[in-house]
Structures are given as C-alpha cells and as structure tokens.
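Q: this is a predicted model, with the sequence first.
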Amino acid sequence: MVGGLVLSHSQAKQHQVVGIAPRGPAAPEQAAFRGRDQAPCGGAGARPPGSLDEVRKAQARHVKLGLDRSPQHARPLLAACALADWPGSMAYAASIFASLDEPEPFDYNTLLRGYVGGGGGERDPAAALWLDVDMAEDGVEPDSYTFPFVFKACAQLGALQEGRQLQGHQVKLGFQHDEHSQNSLISFYGKCGEAELARRAFEQMGDDEKTTASWSALLAAYTRAGRWAECVESFGAMVREGWRPDESSMVSALSACAHLGAYDVGRSVHCALLRNTTRLNTFMSTSLVDMYAKCGCIEKAAAVFDAMDDKNAWTYSAMVSGLALHGDGLRALEVFDAMVREGHRPDAPVYVGVLNACSRAGLLEEGLRCFDRMRLEHKLTPNAQHYSCMVDLMARAGRLDDARSLIGSMPTGPTDTAWRSLLNACRIHGNLELAERALQELERLGAVNAGDYIILADMHARADNWDAAAARRTEAVDRGLAQSPGYSAVEVHGATHRFVSQDRSHPRADDIYEMLHQMEWQLRFEGYKPDTSEVAQDVDEEEKRRVVAAHSQKLAMAFGLLSTPEGAPVRVVTNLRMSKECHAYSALISEIFGREIVVRDRNQFHRFKRGECSCRNYW
C-alpha cells in the first residue's frame with residue numbers, strides 16, 4: 001500500500017521500468033549487504049563496468065547468449081547500474097530487473113538501495129515503495145536488509161502511515177529484533193518528527209540488540225523534534241552504559257547543548273571528540289563553534305574557528321551568527337570580510353547573521369551598506385528575514401518612522417516578525433502610539449501572541465495608564481493567549497537548575513535567599529538602589545522593591561555564586577528580556593564578587609566583567 005493505494009503486479013512492474021533514481025554509498029547498517037559477491041559479467045575478479053555504455057555492451061552479450069534473464073548473470077550489471085552515478089543508469093537498472101525470471105530478495109534490495117541512495121540528485125523513494133509492494137505480490141520474502149531501505153524511502157517521503165504499516169509487516173515476519181531493521185525504524189520516526197514513537201521503538205530493543213547506531217538514531221530524533229533536554233539526558237545515559245559515542249551522536253549532543261546553554265556538557269563532548277578522533281572534520285568543528293558561541297563562550301568558539309584549516313560557508317555563518325549573539329558587530333563584519341576574501345560566496349543565511357550583528361551592535365550605516373552589498377554585489381534577493389533584520393536595525397537605532405516605511409515597502413508583504421521588531425523598538429524608545437499601530441497590524445495578520453499584549457500593557461503601566469494596562473492584559477486572556485512563565489536557569493556541574501520569580505521550591509532555597517540578602521547588602525555599600533520603574537504593577541514602592549529583589553535571574557545568579565568555585569564564571573539562561581534593573585544589578589555583582597556573569601536572554605548575550613557589559617548598554 002502506498003498513499004492508501006494497493007498496486008497490482010503489472011502496475012508495479014511498469015513503474016519500476018520507467019523509474020529513475022539515484023545511487024549513492026550504502027548506509028552504515030548495510031555493510032553485510034555491500035560485502036556480498038557482486039562480481040561483474042566478466043567473472044570473478046574482472047574489472048567492474050566503468051560506464052553505462054559498458055553495461056549496455058555486456059547486457060547485449062548476455063542477450064545473445066540467452067543469459068539476460070538469469071539473476072546469477074544479470075546481478076552484477078544490476079548492481080553496477082543501481083549503485084553508480086551515471087545519468088540514466090537507474091532506468092537501465094529497472095529494465096534489467098524487469099527482465100529477470102525469478103528475482104531474489106538480494107536483487108530487490110539492490111534496486112531499493114538505488115532508489116533511496118540519493119546519488120546524482122535522481123532519488124526516487126516513491127519507486128522504492130512501489131517496488132516493495134511488487135515484492136510482496138510476487139511472494140518474495142524480505143530479508144533484514146529490505147526493511148532499512150524501505151523505511152528510508154518512507155522517511156524521505158514523510159510517509160508516516162506507510163511506515164507504520166511497514167512496521168507491522170516487520171513485526172509479523174519477526175524482524176523487530178534485527179538491529180538494522182530496528183535502527184532504521186527509529187531513524188524513520190525521528191525524521192518524521194515522531195520522537196515519542198522513536199523512543200518506544202528504541203525501548204523495545206533488548207540491551208543485547210542495541211548498538212551505537214541505535215543510540216545515535218534516538219538522539220537525532222530528539223534533536224529534530226527540539227527535545228533538547230531529553231537529548232542531553234539520553235546522551236548521558238549512553239555514556240554511562242558504556243557506549244562509545246559516534247560522530248552523529250556527538251553532533252546531536254552539541255546541538256542540544258547549544259540550545260540549552262549547557263556549557264559543561266558541551267565541553268565534555270568536545271573532550272570526548274579530542275580523545276576519540278585524531279583530527280576534527282569541518283562538520284564537527286563547525287558544531288563546536290556553534291555550541292561554544294550559544295553557550296556564552298565566544299572566545300572558545302573563536303579559538304576553534306581560528307584553528308580550522310578547512311572552513312566552509314557554514315563555518316563562517318556559525319561564527320558570524322555567534323558574534324551577532326554576543327553583540328560584537330565589528331568582529332562579525334571582519335569575519336564576513338575574511339569569508340569573501342577566501343573566495344566563499346555569501347548566501348542568504350550568512351547575510352541574516354551579518355545584519356543581525358549590525359542591529360545588535362547599533363551599526364546602522366554598516367548595516368545599510370551590507371544590505372546594498374547583498375543586493376548589488378552578490379546578487380541576492382532579500383527575503384522576509386533580511387527585511388525584518390533591517391526593520392530591527394533601524395527601529396532599535398531610533399529611526400522608527402523609517403522602519404515603519406520599510407515594512408510597508410517589503411516585496412514579500414509585511415510579516416509578523418517585522419511588526420514585532422518594531423513593537424519591541426517602540427518599547428525601548430517609548431513610542432506608545434506606534435506600538436498600538438504595530439499591535440493592530442499583528443492582530444490583522446492573525447499572528448498576535450500574549451507577549452505582544454504584555455508589552456503594550458507594560459508601556460501603559462509606565463505611563464500610569466493603569467486602566468489601559470489592565471484592558472490589554474484582559475484582552476490577551478479573552479483571546480485565550482497564554483504567556484509562557486518567565487524563568488532563569490543556571491548550569492552547575494552539568495545539571496541545570498531553573499528558577500521563577502519569588503521561587504522557594506529549590507532544596508537550597510534558604511541558602512539562596514541568604515546569599516541574595518548578602519549580595520544586596522554589599523551592593524548598598526556601592527550606592528545601589530533598586531530600579532522599580534519597569535515593575536508594571538499598581539502597588540506601593542515597597543512592594544515593587546520586594547518584586548525586583550527576588551527576580552528569577554537574581555535567584556539563579558545567587559545559586560551560581562554559591563555553587564561554583566571562586567573565580568569561575570556564572571552562566572545564566574533566561575527566557576525574559578534583560579531588564580534595566582537586572583542589567584545594573586548584574587554589572588555591580590560582577591565587579592564586587594570578581595566574577596564573570598554571562599546571561600543569555602531571549603535576544604542576545606550579556607557578559608558582565610568588572611562592572612561592564614559586552615552589550616555596551618545597547619540592547
């Protein structure tokens with residue numbers, strides 16, 4: 001069954017003959033399949049055909065001798081065509097297969113492998129599913145190498161239902177305990193975004209059936225679904241159970257660490273890479289650059305980047321984006337210029353990073369020049385992301401009217417991202433009228449969220465328009481929009497501890513609040529006074545001070561200071577935008593305690609050192 005249709009024998013045969021598909025290297029789990037004797041037509045030890053013309057000549061000799069219908073003699077030619085990269089070879093492989101009297105599972109597998117291999121850009125996974133149907137109608141029993149190819153075809157097509165039906169067939173024939181078939185099933189579910197089903201397939205395997213590839217497929221499934229914490233937890237379990245992670249599993253772990261800001265775990269993965277490989281390839285090094293940058297250690301990201309001999313466009317893009325996250329626009333432009341000098345042609349994603357870097361560093365003129373360079377020098381048509389970056393750049397720099405005009409002139413049409421960038425800039429510059437307009441446009445696009453209403457409510461509250469502030473919050477509730485609770489997390493010894501405002505649920509809550517009291521006590525000697533101007537609540541000043549005193553970011557910082565060695569950096573990740581109060585507070589703490597405080601808010605990094613922030617108070 002394919003797409004809900006059951007094919008007849010003749011339909012499947014016809015599809016195979018005309019199907020053209022790519023060839024490529026076998027999947028790792030097909031080592032045994034690859035090793036089977038596939039001697040070419042000249043006999044054992046003969047030179048394999050070097051072109052499609054040679055195959056045609058050999059096939060003509062077979063026809064002349066009456067051997068063309070014999071799988072034993074046609075098999076080498078079938079394999080040569082199905083696994084080669086010659087244009088049109090897959091169609092010829094299908095014609096060879098169709099001429100066989102009684103093809104065996106090995107012959108079906110050879111053609112299946114060609115259809116899903118991907119060589120030459122002619123991949124045809126749909127033909128693989130039709131061939132699997134034909135195999136069943138011919139009464140040919142699949143073997144352990146058949147299911148991985150067909151699961152791969154289902155994954156390439158995103159054919160979830162067909163894949164689940166195939167799993168039932170796999171269980172019926174007893175292949176659920178075959179490691180190659182089961183690993184392919186896990187990978188299939190992962191590529192279809194079904195991480196939970198991938199986990200169940202993994203757990204159905206016995207301990208003696210699991211392999212490194214099984215773990216790798218599970219980690220990839222979690223990564224694709226954005227289940228970063230489960231990816232890191234599973235990677236830890238893999239190591240604890242004595243498995244040696246392969247490159248794929250470590251890339252998945254690095255990606256998860258980057259999203260979680262789990263620096264300690266990411267550094268451990270880097271150490272494992274150095275122990276297990278003699279030389280890091282470009283892909284692994286690029287993953288490390290991305291991980292270190294997103295975990296707040298831009299110096300280590302730069303060190304890995306500078307040590308690379310074979311940088312590619314993705315490597316430069318990762319470094320530029322990392323520097324943008326850290327607000328270092330000038331260095332990002334230097335890296336971009338080096339990329340162009342090295343002969344790498346910039347693509348659209350690189351320019352997103354460059355324009356973001358200019359926006360976060362307030363480099364208005366440089367950003368405008370880069371936008372022109374992208375269109376005029378590199379002949380790239382700006383997409384919605386690029387226009388949104390330019391709106392953000394101009395709006396943050398105070399050119400709100402120009403940003404508004406640019407939104408109206410976007411060839412792609414106004415987007416919610418562009419309007420939201422303008423809305424955020426209106427909060428920074430206190431333009432309530434334009435903020436209301438931006439919210440109306442978001443409502444018109446049907447893309448408004450709870451955070452948009454909160455921004456307007458907070459702006460009205462700062463203007464003492466308490467009724468309007470309450471009305472905006474009520475409107476969000478009436479629309480059924482729920483805001484994600486604000487939190488701050490700190491990593492200590494590889495474990496992540498999460499806090500919310502006024503949180504007392506942590507086992508060391510008493511110690512944390514005692515530390516918080518000591519921190520504020522020392523700050524008062526430096527003339528610190530809590531800034532309550534951003535507290536959007538109609539309460540007295542004492543209550544406002546109580547609210548800011550136990551902010552989630554301060555709780556996380558206090559726990560970090562308590563739980564890490566003296567002089568070690570404290571790394572905090574928060575889903576909130578850095579407030580003026582927390583910014584000033586963190587800067588003073590870094591000076592008084594002699595610690596580097598690294599905070600990743602929902603937009604960028606703030607690195608506080610000796611009382612100064614890397615953002616230079618532009619955020």
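A: In hand now; what should we look at? In this text the structure is predicted, and so the values were computed from the model without any measurement.
Q: pLDDT weak spots in the stretch 201-350 of the chain?
A: The stretch 201-350 of the chain contains no residues with pLDDT under 70.
Q: one more: the chain?
A: 1-50, 118-122, 534-541, 543-544, 547.
Q: hey, where'd the strands end up in the stretch 451-600 of the chain?
A: 488-492, 495-499, 570-574, 597-600 (DSSP state E, counting those that start in this stretch).
Q: relative to residue 527, which of those is closest?
A: strand 597-600 (19.3 Å; Cβ to Cβ). In short, each C-beta sits where N, CA and C put it, glycine included.
Q: relative to that closest one, what are the paired strands and their orientations?
A: Using DSSP bridges, the strands paired with strand 597-600 are strand 570-574 (parallel), strand 605-609 (antiparallel).
Q: for these, which one ends up most surrounded?
A: strand 570-574 (a mean of 26; mean count of other Cβ atoms under 10 Å).
Q: need the CA coordinates for that strand. PDB is fine.
A: In PDB, the C-alpha atoms belonging to strand 570-574 read as follows (Å, rounded to 0.1, in the frame of the first residue of the first chain):
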ATOM      1  CA  VAL A 570      28.300  32.100  36.300                       C
ATOM      2  CA  ARG A 571      26.200  31.300  33.300                       C
ATOM      3  CA  VAL A 572      22.500  32.100  33.300                       C
ATOM      4  CA  VAL A 573      19.900  31.400  30.600                       C
ATOM      5  CA  THR A 574      16.600  33.200  30.800                       C
END
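Q: give me the angle between it and strand 495-499.
A: 50 degrees (axes from the mean of the first three to the mean of the last three Cα atoms, to 10 degrees).
Q: and the strands paired with strand 597-600 as CSV, adding distance to residue 357?
A: Supplementary listing: the strands paired with strand 597-600 in CSV, determined by distance: least, Cβ to Cβ, whole Å:
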stretch, distance to residue 357
strand 570-574, 21
strand 605-609, 12
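Q: and of those strands, who's closest to residue 304?
A: Using Cβ to Cβ, the nearest of these to residue 304 is strand 605-609, at 17.3 Å.
Q: send the alpha carbons of that closest one over as PDB?
A: C-alpha atoms of strand 605-609 as PDB (Å, rounded to 0.1, in the frame of the first residue of the first chain):
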ATOM      1  CA  PHE A 605      24.200  37.500  25.400                       C
ATOM      2  CA  HIS A 606      25.200  39.900  28.100                       C
ATOM      3  CA  ARG A 607      28.700  39.300  29.500                       C
ATOM      4  CA  PHE A 608      29.400  41.200  32.700                       C
ATOM      5  CA  LYS A 609      33.000  41.600  33.700                       C
END
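Q: ok, the nearest residue to residue 69 once chain neighbours are set aside - contacts?
A: Among residues not flanking residue 69 along the chain, residue 101 sits closest, at 4.7 Å (Cβ to Cβ, 6 or more residues apart in numbering). Residues near residue 101 by Cβ atoms under 8 Å, 6 or more residues apart in numbering: 69-71.
Q: next, residue 101: phi, psi?
A: phi -70, psi -50 (degrees, to the nearest 10).
Q: how much space is there between it and residue 107?
A: From residue 101 over to residue 107 the distance is 11 Å, taken as Cβ to Cβ, to the nearest Å.
Q: so what sits against both of these two?
A: residue 71.
Q: so what does the biggest helix by length in the chain touch, helix or strand wise?
A: Counting by DSSP state H, the longest helix found in the chain is helix 509-525. The contact analysis (3 or more Cβ pairs under 8 Å, 6 or more residues apart in numbering; DSSP states H and E) places helix 509-525 against helix 552-563, helix 580-592.
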